[in-house]
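*Asks:* just a sequence and a predicted model for now, questions to come.
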Protein chains: 2
Amino acid sequence: MKSLADTSTGPANSWELCSNSAIRRASRRLGQLYADVLAPSGLRATQFGLLTQIRTLGEPTLRTLADALVMDLSALGHTLKPLIRDGLVTLAPDPQDRRARRAHLTRKGLAAYARGVELWKEAQSRFDAQFGKKESAALRRALDLIASDEFAAGFTVQKIAAPKK
Amino acid sequence: MKSLADTSTGPANSWELCSNSAIRRASRRLGQLYADVLAPSGLRATQFGLLTQIRTLGEPTLRTLADALVMDLSALGHTLKPLIRDGLVTLAPDPQDRRARRAHLTRKGLAAYARGVELWKEAQSRFDAQFGKKESAALRRALDLIASDEFAAGFTVQKIAAPKK
DNA sequence: TTGATTTAGTGGTATATGCCACTATATGGA
DNA sequence: TCCATATAGTGGCATATACCACTAAATCAA
């Protein structure tokens, strides 16, 4: 396998040129690898991520959850549908703000999540083993940065400040 | 914005823990940013990537294209539908292998691609400016590695060799 | 040659995700 | 108080992407 530090060869293909295509491509691959490992839990990789966020945030409103996931609010609503249908998640109105709905994990949802965590640990440790623990952590930091609002603001501001230059 | 090299703070959130969730999240964000820039071309970011690959590979069979994109063959077929419907791409049977179909860019497809390229350059240069040119290249190498068959093989082999351990 | 197996694609179905239009609720003034 | 605006969600529609079952064609083997 080509080392990460190897810059000797030129761009072997166009993926090394377009950040967006490259990240989608890697996303598809990694999604498959994680999906295979998580399959016994009955959860898709994305669903596991969703449950994890709900768990982490407590009982977030959909708005909060969508922001944390850097996801469109309506997309989140759609994505939650199967989980609600299968009884892993419920939505309850927020008494403080009657527009809002808060996501809860049901007992069944917690159980699925617990199974998922065990499998996820396996997947993550394989990833770290294959990619390098240090590199893995660095990659996640980089991805976290790209996903941040600050990054988007900086990217977009350039458009306004210098539309064509 | 937090520097990439900054390891002083602990995991601020669960994204720094799960590579798969992190990459999907960054993917969503970056997809939005590129989509906004590419919008005037009438192409989605994914569609631009698709046209680029077809262009790069010549007149690839769907199988070849799917492999290059690390995409399921049937998913590719579905994704191509809008482009075929809109007359940007055509599929022609391969005389050598009558099972295969080769993707071609039409004149209209080439024109859309050309418009896309100009916009893409703008997006890519904004990305490089925001993320750092060197870091950007390194990131693409890392993503390319993750997407590679070798990476997948190494990841999967661990399952067989050491199921739990 | 012919039958078993593999490979390329297609169509159906399901999830993932985005945009837009619309409703309900909250909020910030005049 | 009451209206203008902003915010939270929902539903419809479109694309992105996966799996499965199925067909057609190529390939391999006896």
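*Replies:* Sure thing, it's come through.
*Asks:* from here on, contacts and neighbour counts on C-alpha atoms
*Replies:* OK.
*Asks:* residue numbers of chain A in contact with DNA strand C?
*Replies:* Proximity of chain A to DNA strand C (C-alpha under 7 Å from any atom of the strand) is limited to residues A:44-47, A:70-76, A:78-80, A:82, A:96-99.
*Asks:* same for the helix or strand harbouring residue A:129, what does it pack against?
*Replies:* Using DSSP states H and E, residue A:129 falls within helix A:107-131. Other helices and strands packing on helix A:107-131, by 3 or more C-alpha pairs under 8 Å, 6 or more residues apart in numbering or on different chains; DSSP states H and E, are helix A:19-38, helix A:45-57, helix B:149-161.
*Asks:* the very next helix or strand once past that helix near chain B anywhere?
*Replies:* Going down the chain from helix A:107-131, the next helix or strand is helix A:133-147, by DSSP H and E. Yes - looking at helix A:133-147 against chain B by C-alpha under 8 Å from any C-alpha of the partner chain, the contacts come from A:136-147.
*Asks:* which bits of chain A sit near DNA strand D?
*Replies:* So chain A meets DNA strand D at A:24, A:28-29, A:32, A:61-64, A:73-75, A:77, A:99-102 (C-alpha under 7 Å from any atom of the strand).
*Asks:* so which of those are also by chain B?
*Replies:* Restricting these to those touching chain B (C-alpha under 8 Å from any C-alpha) yields A:24, A:28-29.
*Asks:* next, the angle from the helix holding residue A:129 to helix A:133-147.
*Replies:* Here helix A:107-131 runs at an angle of 120 degrees relative to helix A:133-147 (axes from the mean of the first three to the mean of the last three C-alpha atoms, to 10 degrees).
*Asks:* now helix A:107-131: average pLDDT?
*Replies:* For helix A:107-131, mean pLDDT is 95.
*Asks:* how close does residue A:57 sit to chain B?
*Replies:* 10 Å (C-alpha to the nearest C-alpha, to the nearest Å).
*Asks:* same question for residue A:66.
*Replies:* Distance from residue A:66 to chain B, by C-alpha to the nearest C-alpha: 11 Å.
*Asks:* which strand or helix spans that residue?
*Replies:* When elements are defined using DSSP H and E, residue A:66 is found to belong to helix A:62-69.
*Asks:* name the residues that touch whichever helix or strand comes after that helix?
*Replies:* As assigned by DSSP H and E, the chain's next helix or strand after helix A:62-69 is helix A:73-85. By C-alpha atoms under 8 Å, 6 or more residues apart in numbering or on different chains, the residues outside helix A:73-85 that reach it are A:47, A:62-63, A:66-67, A:89-90.
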